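Student: For reference, the sequence and a predicted model appear below.
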Amino acid sequence: MTRHHFAGAAIAILAAASLGACAKPMAAAGADTSTAAGVKPAVDTGKIAAAVKADVDQLVADANAHDATKAASHDAPDAVIMSHGQADIVGADADMAMAKKGFAADPTQHVTVADEKVDVANSGDMAVYRSTYVFTGMNPVTRKPMTEHGNYAAGYKLQPDGAWKIQWSMTADTPAPAAAAAAKS
């Protein structure tokens, strides 16, 4: 398994749990589903975005605690996790199995996120979370410490039961900021 696969698994875990705090009925998450004369009230996209960001904080904590069960519990049943050219991880059960394997292989894994942005559909039933990340852990081949910088995006969908779940996510590693700056010179 490549370092990217482990980093991807960690980020997949991040994606998997990123909307646990949003797992409420839509009205509680900031959108009113009632209608008056067939007109749907405006959705409070700011409130939904804030809830998504708050939940990502909890997801990061769950991933850094290496709790694969909690992390994967926020995947939609048919979620698709795409990472670094590896085979897609499809479904919550597959994501949990990959996370357990990754955490067992490298108990030093740690992830942080920054530059977070959330775009919420005006309909209030979908959102896209974007951030940068830093993943640290052990290189699975050399067993030496490694650091990966990257970009992360995840699409969330409001489920029929009112819960927000990750429908898809993807990661892309990028050069470390110092390496990128040196490459431009």
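Tutor: That came through fine.

Student: roughly how far apart are the closest residue to Asn151 other than its chain neighbours and Tyr133?
Tutor: Closest residue to Asn151 apart from its sequence neighbours, by C-beta to C-beta, 6 or more residues apart in numbering: Ala172 at 5.0 Å. All C-beta atoms are positioned from the backbone trio N, CA, C, and that covers glycine. For Ala172, the distance to Tyr133 (C-beta to C-beta, to the nearest Å) stands at 10 Å.

Student: Which residue of those two possesses the greater neighbour count?
Tutor: Of the pair Ala172 and Tyr133, Tyr133 is the one with more neighbours under other C-beta atoms under 10 Å, namely 22 against 15.

Student: ok, the more buried one touching Ala154?
Tutor: No - between Tyr133 and Ala154 there is no contact under C-beta atoms under 8 Å: 11.3 Å.

Student: for the longest helix belonging to the chain, what is the average pLDDT?
Tutor: Longest helix in the chain, counting residues (DSSP state H): helix 45-64. For helix 45-64, mean pLDDT is 84.

Student: Spatially nearest residue to Asn64 (excluding sequence neighbours)?
Tutor: Closest to Asn64 by C-beta to C-beta, 6+ apart is His110, at 5.5 Å.

Student: quick one: low-confidence parts of this protein?
Tutor: Of all residues in the chain, those with pLDDT under 70 make up the ranges 1-38, 40, 175-185.

Student: ok, 80 please
Tutor: For the chain, residues meeting the criterion pLDDT under 80 lie at 1-41, 51-52, 54-56, 58-59, 74, 84-85, 159, 162-164, 174-185.

Student: show me where it has helices.
Tutor: Secondary structure of the chain (DSSP H): helices located at 3-17, 45-64, 68-72, 92-105, 177-184.

Student: dump the residue contacts of the residue lying closest to Pro77 once chain neighbours are set aside.
Tutor: Leaving out its chain neighbours, the residue that sits closest to Pro77 by C-beta to C-beta, 6+ apart is Ala92, at 5.9 Å. Counting by C-beta atoms under 8 Å, 6 or more residues apart in numbering, Ala92 touches Ala16, Ala72, Ser73, Asp75, Ala76, Pro77, Ala79.
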